[in-house]
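In: output the structure for:
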Amino acid sequence: MSDWIPDGIDLSKPSAARVYDYYLGGGHNFEVDREFAERALLAHPFAREMAVINRTFVRRAVQLMVERGVRQFLDLGSGIPTVGNVHEIARDCRVVYVDCEEVAVAHTRMILRGSDRATVVHADAARAEDVLSAPETVRMLDFDEPVGVLAATVFHYVPEHHDPFAALERYRDAVPPGSYLAISHLASDGLPAMIEQMATMMKESRNNIHPRTCAEIARMFGDFEMEQPGLAGVANWQSERPVDATQHLDVGLLIQAGIGRKCAAARGSSGTG
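Out: Predicted structure coming up:
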């Protein structure tokens, strides 16, 4: 068996991480994921575009943070690595990837063999203490120096009873001033009927979705200072070409994204304590 396929993996349901990998042109997915992805495209023809544009947002966020002097990253819900991983964009930086999906973790471990600048933690991103206290995190990241925290399309998989707001508050408190937080998240108040249809379909997978209002997504940044254009449709963060507002309307309404910076006066500025 290939070393990116963990023993005993459950293939009865598709995985959001593997469907995302399929949309991005990756090869670490299974028939159950591809069948689900193609059905999703019939209902939502822009689903692949959503994945690609969200990936562009992650790349833009990492580039911005590197330009601002960040040299270490915590990538929450990192998924299955494809071309343009964080450690490839930020080549001289240290990176901790975090995911709870077995294939994502196995493949990440495989591509990071021998690396002294990147590692992976097998954990639920919503369990902030588990992530922050993991030996890999403690070894790789220095919380006395700025950290770039990436949370791209991950917290809309976290239900209310697991309190995603408290988890993100813990991550914000853990990092020192000069750190950054990038979030992209499904928004419930743009196209509610479409969101409801997506939520129903995702119940067939291992990963239910929990879209939130733009106000709730903005709350996830706490008192971090927002970079322009603020919390906006994810397509607005593309840097390679001008945004066609008509072409990207659905994506812009469905996924909101933003980047915030922790200032010296921000709450929790004492680091990990």
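In: in the stretch 151-273 of the chain, what spans have low per-residue confidence?
Out: 239-252, 265-273 (pLDDT under 70).
In: in it, which spans are helices?
Out: Applying DSSP state H, counting those that start in this stretch to the stretch 151-273 of the chain gives helices spanning 164-174, 192-202, 214-219, 249-254.
In: over to the stretch 1-150 of the chain?
Out: 16-23, 31-43, 47-67, 86-89, 102-111, 128-133, 135-140.
In: so which of those helices comes closest to Asn207?
Out: helix 16-23 (3.9 Å; Cβ to Cβ). Where C-beta positions appear, they are placed from N, C-alpha and C, glycine not excepted.
In: ok so, going back, tell me which of the helices of the stretch 1-150 of the chain sits most buried.
Out: Highest mean neighbour count of the helices of the stretch 1-150 of the chain: helix 16-23, a mean of 24 (counted as mean count of other Cβ atoms under 10 Å).
In: in contact with the residue nearest the centre of the chain, which residues?
Out: Geometric centre of the chain, nearest residue: Ala152, 2.4 Å, by Cα atoms, centre = their mean. Residues counted as contacts of Ala152 (Cβ atoms under 8 Å, 6 or more residues apart in numbering) are 54, 57-58, 61, 77, 182-184, 257.
In: beta partners of it?
Out: Ser184 (DSSP bridges).
In: ok, now Gly260?
Out: Leu181, Met226.
In: and it, how many neighbours?
Out: By the criterion of other Cβ atoms under 10 Å, Gly260 has 24 neighbours.
In: wait, it touches Ile217, no?
Out: No - Gly260 is beyond contact range of Ile217, at 11.3 Å (criterion: Cβ atoms under 8 Å).
In: okay, and the common contacts of those two?
Out: With Cβ under 8 Å, 6+ apart as the test, Gly260 and Ile217 both reach Ile183.
In: can you add distance to Phe46 and give the contacts of Ala152 back as CSV?
Out: Shown next, in CSV, are those (distance: Cβ to Cβ, whole Å):
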residue, distance to Phe46
Asn54, 12
Phe57, 15
Val58, 18
Ala61, 21
Gly77, 21
Ala182, 22
Ile183, 21
Ser184, 15
Ala257, 16
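In: wait, which of the residues you listed is closest to Asp124?
Out: Gly77 (9.1 Å).
In: ok, that closest one - how many residues close by?
Out: 24.
In: so what's it up against?
Out: 98-99, 125, 151-155, 157.
In: rerun at 6 Å
Out: 125, 154 (Cβ atoms under 6 Å, 6 or more residues apart in numbering).
In: and Phe30, backbone torsions?
Out: phi -120, psi 170 (degrees, to the nearest 10).
In: identify the residue nearest Gly69 in space, chain neighbours excluded?
Out: Spatial nearest neighbour of Gly69, excluding adjacent residues (Cβ to Cβ, 6 or more residues apart in numbering): Pro146 at 6.7 Å.
In: for the one you found, phi and psi?
Out: Dihedral angles for Pro146 - degrees, to the nearest 10 - are phi -60, psi 140.
In: next one, pLDDT for it please.
Out: Pro146 carries a pLDDT value of 98.
In: quote the end-to-end distance of stretch 65-81.
Out: 20 Å (Cα to Cα, to the nearest Å).
In: please shift the residue numbers so they start at 31 in all later answers.
Out: Yes, from this point I'll number from 31; that puts the last item at stretch 95-111.
In: so how far is it from its chain's centroid?
Out: On the basis of Cα atoms, centre = their mean, to the nearest Å, stretch 95-111 sits 10 Å off its chain's mean C-alpha point.
In: what's the neighbour count on Leu54?
Out: Neighbours of Leu54 using other Cβ under 10 Å come to 18.
In: do the same with Phe60
Out: Phe60: 16 neighbours (other Cβ under 10 Å).
In: pLDDT wise, what is it at?
Out: 88.
In: reformat the helices of the stretch 181-303 of the chain as CSV; add mean neighbour count.
Out: Listed next are the helices of the stretch 181-303 of the chain as CSV, based on neighbours: other Cβ atoms under 10 Å:
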stretch, mean neighbour count
helix 194-204, 20
helix 222-232, 14
helix 244-249, 16
helix 279-284, 20
